[in-house]
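S.K.: coordinates only, no sequence provided:
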């Protein structure tokens with residue numbers, strides 16, 4: 001019985017590195033990615049089948065395949081040539097990282113303060129060309145390049161104030177800016 005326990009312990013201990021690599025691979029391929037569809041040359045949002053990538057990593061490099069694409073279900077049986085873009089830059093095409101880079105060092109379009117990114121709670125927002133603020137869940141990932149080209153960066157505080165102003169204009173008292181107050 002002791003030999004059996006020893007073999008089981010050895011088996012469990014020898015599988016720890018493989019489990020660690022599989023978990024790391026699973027975590028690496030989470031999230032929505034923005035790629036350029038090889039067929040249309042237009043942006044598309046895809047998700048990698050992270051479970052498949054994690055289980056195939058034991059045989060060497062993970063085998064990537066898509067779990068979802070914004071061009072599906074019409075093009076579900078495409079050749080998935082876009083995977084080469086993910087393999088070339090797995091972190092670079094991750095939507096979250098694209099946004100972090102876009103906001104990095106930016107100032108709020110409304111108050112001018114530096115924008116701090118706290119993805120867990122108060123996320124920065126966007127200022128539309130119509131001067132409305134929107135949150136990221138209102139933006140489809142495949143439209144991200146066009147949105148980043150036409151929208152401004154807004155801190156969470158200004159987004160909340162602007163949203164309140166838009167929803168309850170009769171409860172807001174407009175005050176002149178400090179420079180206007182000093183001039184009068």
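M.R.: Arrived safely, thanks for sending. What you see is a predicted model; the values in this text were computed from it and never measured.
S.K.: tell me the centre residue of the protein?
M.R.: For the chain, the residue whose C-alpha lies nearest the mean C-alpha position (Cα atoms, centre = their mean) is residue 96; its distance is 2.6 Å.
S.K.: where does the chain dip in pLDDT?
M.R.: 1, 12-15, 177-184 (pLDDT under 70).
S.K.: about what we covered before: could you check how far the residue nearest to the centre of the chain is from residue 30?
M.R.: Using Cβ to Cβ, to the nearest Å, one gets 10 Å for the distance from residue 96 to residue 30. For every residue, glycine as well, the C-beta is placed using N, CA and C.
S.K.: likewise for residue 134?
M.R.: Distance check for residue 134 against residue 30: by Cβ to Cβ, it reads 24 Å.
S.K.: please apply the same query to residue 164.
M.R.: Here the distance between residue 164 and residue 30 works out to 34 Å (Cβ to Cβ).
S.K.: same question, residue 173
M.R.: Distance check for residue 173 against residue 30: by Cβ to Cβ, it reads 45 Å.
S.K.: and those two? which has more neighbours close in?
M.R.: Neighbours around residue 173 and residue 30, counted as other Cβ atoms under 10 Å, are more numerous at residue 30. The numbers are 13 against 4.
S.K.: my read is that that one contacts residue 51, right?
M.R.: No - in this structure, residue 30 is not within contact of residue 51 by Cβ atoms under 8 Å, at 10.5 Å.
S.K.: and stretch 2-10, how far out from the chain middle?
M.R.: When distances are taken as Cα atoms, centre = their mean, to the nearest Å, stretch 2-10 is centred 45 Å away from the chain's centroid.
S.K.: name the single longest helix found in the chain.
M.R.: helix 2-28 (DSSP state H).
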